[in-house]
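Chemist: structure of the sequence below:
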Amino acid sequence: MDGLVEECEDVLRRFLPDPDHMPSGEEPAATVASAMRYSTMAGGKRLRPLLIARISDLYGGDRQLAEPFMAALEMIHTYSLVHDDLPAMDDDDYRRGRKTTHIVYGEGMAVLAGDGLLNFAYETAAAAFDAAGTPEQTQAVVRALRVLMRNAGIYGMVGGQCADLEAENSGTAVTPQLLEYIHSHKTACMIQSGFMIGAILAGAPQEDILRLEKIGRSIGIAFQIQDDILDVIGDSAELGKTVGSDEKDGKATYVTLHGLEKAGRDVRALTEEAMADLEALSVRDDFLTGLVQKLVSRKN
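Modeler: Below is the predicted model:
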């Protein structure tokens, strides 16, 4: 797994703008490029690009098509974290074990870094058209772009973040149904993109793509529930971020609604559901099975 994570790191280094080597005439934008790079190259699991790479390989896909989407998906994920850490949102000072982007570069530049990452992500993903050698591959890139954009937008991550923010600011009770909406949109949609895009680009059977979408939802929700558990029982040094921030902010989480015991049970149930769906795919991969198990039993 470490080798694949390093491949993802290399892809990001190649696609991200380099503040020390800006295109001629674009030097005044070097600071925002630096902030974009600082936030993206801060480490992390690289789960989403890793999924694209592994699943593309599993179905015999072309990495030249996959790599722009690997970089783009991680850029979108990072932009969401940069904005999420801002004082107007979660107001966090640390992310992945170091100071958040707005602490280092200022709030205004952090907003621009997030905006830059989101827009540059789409420009990066569109580079896959240059690698498409057949009409089928071109159509696959179009389809993958649609998945990427929808899952990042108002019917995906942004919609989930909207519901989360309104619930926090309104002071009204969060129902289990609303919390599921928040988790399935804010967290699971981007993980679904990781599961689906590599398969789409590689021309996987439609039945497998739909099953991978379902797996992504199960794992995404389980991942967020585990995150809520770790916010209660985790270790700040190991997590690389502040523990107990949700409780401090009075934020509704799976644990506050259902308790630790049920949260743990539901993580296991969602994982078992995802494992069964993995077994039903037309191709098998022990790596993916192990990755799913590791994700939902993680301590950071």
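Chemist: drop to CA atoms for contacts and neighbour counts, all remaining ones
Modeler: Will do.
Chemist: point out where this structure drops to low pLDDT.
Modeler: For the chain, the stretches with pLDDT under 70 are 235-250, 300.
Chemist: residue 221 contacts residue 181, doesn't it?
Modeler: No - with contact defined as CA atoms under 8 Å, residue 221 does not count as touching residue 181 (9.8 Å).
Chemist: neighbour count winner among those two?
Modeler: Neighbours around residue 221 and residue 181, counted as other CA atoms under 10 Å, are more numerous at residue 221. The numbers are 27 against 19.
Chemist: would you mark the buried spots in the helix or strand where that one lies?
Modeler: Using DSSP states H and E, residue 221 sits within helix 206-233. For helix 206-233, the neighbour count (16 or more other CA atoms under 10 Å) marks 208-209, 211-232 as buried.
Chemist: with stretch 167-177 instead?
Modeler: Quick answer for stretch 167-177 (16+ other CA under 10 Å): 167, 168, 174.
Chemist: can I get those residues in TSV including distance to residue 139 and secondary structure?
Modeler: Below are the buried residues of stretch 167-177 laid out as TSV (distance: CA to CA, whole Å; DSSP: H, G, I helix; E, B strand; the rest coil):
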residue	distance to residue 139	secondary structure
167	39	helix
168	41	helix
174	41	coil
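Chemist: between those, which is closest to residue 107?
Modeler: Closest approach between the buried residues of stretch 167-177 and residue 107, by CA to CA: residue 168, at 21.2 Å.
Chemist: which residue is the nearest non-sequential neighbour of residue 282?
Modeler: Once flanking residues are discounted, residue 282 sits nearest to residue 208: 6.9 Å by CA to CA, 6 or more residues apart in numbering.
Chemist: gap between the one you found and residue 198?
Modeler: The spacing between residue 208 and residue 198, counted by CA to CA, to the nearest Å, is 12 Å.
Chemist: repeat that for residue 232.
Modeler: On the measure of CA to CA, residue 232 and residue 198 end up 34 Å apart.
Chemist: could you do residue 56 as well?
Modeler: To residue 198, residue 56 is 4 Å away according to CA to CA.
Chemist: quick one: which of those two has more around it?
Modeler: Remark: of residue 56 and residue 198, residue 198 carries more neighbours, 34 against 26, as counted by other CA under 10 Å.
Chemist: and whatever helix or strand the more buried one lives in, how far out from the chain's middle?
Modeler: Taking DSSP H and E as the definition, one finds residue 198 inside helix 188-201. The chain centre lies 10 Å from the centre of helix 188-201; the measure is CA atoms, centre = their mean, to the nearest Å.
Chemist: what packs against that helix?
Modeler: Applying 3 or more CA pairs under 8 Å, 6 or more residues apart in numbering; DSSP states H and E, we find helix 188-201 packed against helix 47-58, helix 63-84, helix 135-152, helix 206-233.
Chemist: redo that, cut-off 10 Å
Modeler: helix 47-58, helix 63-84, helix 135-152, helix 157-170, helix 206-233 (3 or more CA pairs under 10 Å, 6 or more residues apart in numbering; DSSP states H and E).
Chemist: quick one: the third one to helix 63-84, angle?
Modeler: Going back to what we said before, that points to helix 135-152. Going by axes from the mean of the first three to the mean of the last three CA atoms, to 10 degrees, helix 135-152 is angled at 10 degrees with respect to helix 63-84.
Chemist: check which helices and strands helix 135-152 sits against.
Modeler: Going by 3+ CA pairs under 10 Å, 6+ apart, helix 135-152 lies up against helix 63-84, helix 107-126, helix 128-131, helix 157-170, helix 188-201.
Chemist: what angle sits between that helix and helix 188-201?
Modeler: 180 degrees.
Chemist: repeat for the last one
Modeler: Between helix 206-233 and helix 188-201, the angle formed by their directions is 150 degrees, by the same axes, to 10 degrees.
Chemist: determine how far helix 206-233 lies from the middle of the whole chain.
Modeler: 11 Å.
Chemist: next, the angle helix 47-58 makes with that helix.
Modeler: Using the same axes, to 10 degrees: helix 206-233 against helix 47-58 is 150 degrees.
Chemist: now the third one
Modeler: Computed by the same axes, to 10 degrees, the angle separating helix 135-152 from helix 47-58 equals 160 degrees.
Chemist: for helix 135-152, buried residues please.
Modeler: Neighbour count says helix 135-152 has 137-138, 140-142, 144-145, 147-152 buried, by 16+ other CA under 10 Å.
Chemist: dump these into TSV; add distance to residue 106 as well.
Modeler: Listed next are the buried residues of helix 135-152 as TSV, based on distance: CA to CA, whole Å:
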residue	distance to residue 106
137	42
138	40
140	39
141	36
142	36
144	34
145	32
147	32
148	29
149	28
150	30
151	28
152	25
